[in-house]
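Q: Can you look at this prediction? I've put the sequence above it.
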Amino acid sequence: MEKNKIVVCATICLALFFTGCASVAESGTVYTPVDYTEADAVSAEIDRIGKMSNDQAVKALWRSKLLVMHTKENARALQTLDDCETAVVSLYKKALAEKKYIDALRYYESLAACSYKALDSLEKDAQSLNELSCQNVPGLGSKAERAEGENAKVSLYVKGTVTVLVDKGIKVEKGMGFADAVLGSGFFISKDGYIVTNNHVISDCVDPKYEGFSRLYIKLAEDPDTRIPAKVVGYDSVLDLALLKAEVDAPYYFELGSSSGLEAGDKVYAIGSPLGLERTLTSGIVSATDRKLFTIGNVFQIDAAVNSGNSGGPLIDEQGRVQAVVFAGVQNYQGLNFAIPVEYLKYELPVLYSGGKREHAWIASYGRTKKMPGAGTKNEGLLVQYVMPGGSAYLSGIAAGDTITSFNGSKIDSLESLQNDFMEQKADMIATLCVVDKDGIEKECIVYLDKRPEQPGYEVYSHDVMALSFLPIVGMELVPVSTESHRKYSVVSVLKGSIADETGFSEHDPVDIIKIQFDENKTAAFIELYTKKRKNGYMDVTIGLTAPMDSPYYF
């Protein structure tokens, strides 16, 4: 979730919060780009690609394509590209033979992005593979295959929901043993027992760091006393979704709607097991459709009553179609509840059905929607405000100040539209982006969709100099002002709405970085600064900032 918490308080309080955290002197080693004009550098890159091709064939193909683009007639580079194409074609054929259509589609589109000359000779094209990858996926069948139809009664909708139970055995506190369990909700999307719920409900069943006991069960609405064993098919920790399977005939299963038409004020109903109370139905309206609580995509805010245990239940419209998946209610704040749009679930289902952890894509960049001057809400594209050295965007020639206007031929007019396109893709594939640079010149860039790290901000900090990494992390660009001290900077610019902006920093403010610490899981950083802010009358002040290592603006 987005956590733009700004802390300006006594240093001792923040130090207590970060007790045991390592103090970081400097960020990591900055990537040194390949000098394609140097024969030795080109030779080293070819050797690097050769080693990479053994277990990272798609990434090797991308690097070899970039190499050929920069060296043109280099015979070794051309041969390397040919070898990499052959390797990816082989993987495509293997995936097709094993009916792993999502992987086959990933290989096909990677070859297409690299302008593979024999693309037409491949057995299946992108459209065919996309259709095959959605075949037999629960929840994506035609409306005629749905149970009961649009006129089903509310009692049938309730039968389509389940209580999800993760039994964690016994928890011992102060010498006493207590039953330890996680309760949530879920709903059937197919007759043969496929169930949608939240990832956080079943996370202990799939978290490799969890070493305790856990067993997953569901309980039917009509028989809340019987535990039915279930298993996790696929899960996504970023969008908080999971697909389960139980060996049971669903009493009722839901049709997935189209939440793109849902607006604030529309009537909705939530079904679930709040506090373990099965078969609970509540109603309300959509309060807002654009809340940024996740690191990718927007979620709905709803006022239907939601409590602990509702997580994973369906949010339906008056026709009984699922419009969202309930995922959170804010404790102690009645009516402040949220749900994941069903469109995201529909993007996810083919990948979740294929099994395992869902890895999202990124190109190691940071930016925001670019608005056209004087055009109100009309967008111009996605403005790139930062590019991480050594990342996909950096190597592809994308720079800060560029505006992304299309992805694989699909128009991009906002950050959200690119994130939606990324949701439809798997990581480890090659794509094309059209960008417009600062001078208004359009260019096409071939990018590699890498796996999105759990904490992008820490990844940025580890791969860039401190002054530049502060732009995406706290929202201010710094420049060194002293050759004697590597901790003295001046503020060049401040991003609107960022931590730096809300803390009152301005251009030309002096900044001394005293200390940077990270919590144990690298989810947040504590930054201690000394400054004389213009907005504070240039008064000497030491400020503590707490910055999250993830936000919706990384892509």
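A: In hand now; what should we look at? Remember, it's a predicted structure, so these values are computed and weren't measured experimentally.
Q: got any ranges where the stretch 101-250 of the chain has weak pLDDT?
A: For the stretch 101-250 of the chain, applying pLDDT under 70 flags the ranges 142-152.
Q: Helices of that one, residue ranges please.
A: Counting by DSSP state H, counting those that start in this stretch, the stretch 101-250 of the chain has helices at residues 101-113, 126-134, 154-159, 199-206.
Q: likewise the stretch 401-550 of the chain?
A: All helices of the stretch 401-550 of the chain, identified by DSSP H, counting those that start in this stretch, fall at 415-423, 456-463, 466-474, 499-503.
Q: Now render the ones you listed as CSV, adding mean pLDDT.
A: Shown next, in CSV, are the helices of the stretch 401-550 of the chain (pLDDT from 0 to 100):
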stretch, mean pLDDT
helix 415-423, 92
helix 456-463, 95
helix 466-474, 93
helix 499-503, 93
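Q: Surely Val351 is in contact with Glu424?
A: No - counting by C-beta atoms under 8 Å, Glu424 is not a contact partner of Val351; they are 9.3 Å apart. (C-beta placed from N, C-alpha, C; glycine too.)
Q: These two: which has the busier surroundings?
A: The neighbour count for Val351 versus Glu424, taken as other C-beta atoms under 10 Å, is higher for Val351 (23 against 16).
Q: Against Pro456, how distant is that one?
A: 20 Å (C-beta to C-beta, to the nearest Å).
Q: still on that earlier bit, return the most buried member of the helices of the stretch 101-250 of the chain.
A: Greatest average neighbour count among those goes to helix 101-113 (a mean of 23), per mean count of other C-beta atoms under 10 Å.
Q: contact partners of that one?
A: Contact with helix 101-113 is made by 58, 61-62, 85, 88-89, 91-92, 95-96, 119, 122, 124-126, 129-130, 132-133, 135, 350-351, 354, 408, 425-426, 428-432, 446, as judged by C-beta atoms under 8 Å, 6 or more residues apart in numbering.
Q: Please work out the angle formed by the directions of that helix and helix 126-134.
A: Helix 101-113 runs at 160 degrees relative to helix 126-134, counting by axes from the mean of the first three to the mean of the last three C-alpha atoms, to 10 degrees.
Q: Dump the C-alpha coordinates for helix 101-113 into CSV.
A: Output of helix 101-113 as CSV, limited to C-alpha atoms (Å, rounded to 0.1, in the frame of the first residue of the first chain):
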residue,chain,number,x,y,z
TYR,A,101,0.4,-20.8,-23.7
ILE,A,102,1.2,-17.9,-21.5
ASP,A,103,4.9,-18.6,-21.7
ALA,A,104,4.7,-19.3,-25.5
LEU,A,105,3.0,-15.9,-25.9
ARG,A,106,5.7,-14.2,-23.9
TYR,A,107,8.4,-15.7,-26.2
TYR,A,108,6.4,-14.8,-29.3
GLU,A,109,5.9,-11.2,-28.3
SER,A,110,9.6,-10.9,-27.3
LEU,A,111,10.6,-12.1,-30.8
ALA,A,112,8.1,-9.7,-32.4
ALA,A,113,9.5,-6.7,-30.4
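Q: domain parsing for this protein?
A: 11-27+465-548, 39-134, 143-356, 361-451 (automatic domain parsing).
Q: Nearest to Tyr554, out of those domains?
A: Ranking these by proximity to Tyr554 (C-beta to C-beta) places domain 361-451 first, at 5.4 Å.
Q: for that closest one, the distance to its chain's centre please.
A: With C-alpha atoms, centre = their mean, to the nearest Å as the basis, domain 361-451 stands 15 Å off its chain's centre.
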